[in-house]
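Novice: missing the sequence, but the structure's below:
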């Protein structure tokens, strides 16, 4: 793991503190993921932030700077995005992505 990856994971752990009672951690997707109520919501792989996004928000989210579809196999993974480091370079930006991932987990855990 690179120092930047470790830094992102540390920042995610701090930002996820309000939800800590429902957060578990797991190695997935070649990186490190956080699950909210057993549903993957955010994570890190190769210094990129991974976020699950509800389908209704995918189109608008993909238009944001520094955001690309998550793609491991040659085709985008449904309801997943990557965010480059410029897109989460402040705690406020990181928090917005986390809340988007938590929203997905909340919606799918009902």
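Specialist: Yes, it's here. Please read all numbers here as calculations on a predicted model, not as lab measurements.

Novice: hey, let's count contacts and neighbours off CA atoms from now on
Specialist: Will do.

Novice: Need the per-residue pLDDT for residue 67.
Specialist: Confidence at residue 67, expressed as pLDDT, is 98.

Novice: who's in contact with the nearest residue to it once chain neighbours are set aside?
Specialist: What sits nearest to residue 67 in space, not counting adjacent residues and going by CA to CA, 6 or more residues apart in numbering, is residue 83, at 4.6 Å. Contacts here follow CA atoms under 8 Å, 6 or more residues apart in numbering; on that basis residue 83 touches 48-51, 66-68.

Novice: and if we set it to 7 Å?
Specialist: With contact set as CA atoms under 7 Å, 6 or more residues apart in numbering, residue 83 has these partners: 48-50, 66-68.

Novice: Look up the residues forming beta bridges with it.
Specialist: Beta-bridge partners of residue 83, counted by DSSP bridges, are residue 49, residue 67.

Novice: how much space between it and residue 8?
Specialist: The gap separating residue 83 from residue 8 is 12 Å, by CA to CA, to the nearest Å.

Novice: Pull the residues that contact stretch 59-79.
Specialist: Contacts of stretch 59-79 (CA under 7 Å, 6+ apart): 52-55, 58, 80-84, 86-87.

Novice: Tell me the backbone dihedrals of residue 84, please.
Specialist: Note on residue 84: its backbone torsions stand at phi -70, psi 160 [degrees, to the nearest 10].

Novice: And the pLDDT for it?
Specialist: For residue 84, pLDDT reads 96.

Novice: isn't it right next to residue 51, touching?
Specialist: No - Residue 84 is beyond contact range of residue 51, at 11.3 Å (criterion: CA atoms under 7 Å).

Novice: out of the two, which sits in the busier spot?
Specialist: residue 51 (27 against 17; other CA atoms under 10 Å).

Novice: Look up how far residue 30 lies from residue 3.
Specialist: Taking CA to CA, one finds residue 3 at 16 Å from residue 30.

Novice: Show me what the helix of greatest length in the chain is packed against.
Specialist: In the chain, taking DSSP state H as the definition, the longest helix is helix 91-108. Identification of packing neighbours for helix 91-108 by 3 or more CA pairs under 7 Å, 6 or more residues apart in numbering; DSSP states H and E yields strand 39-45, strand 48-52.
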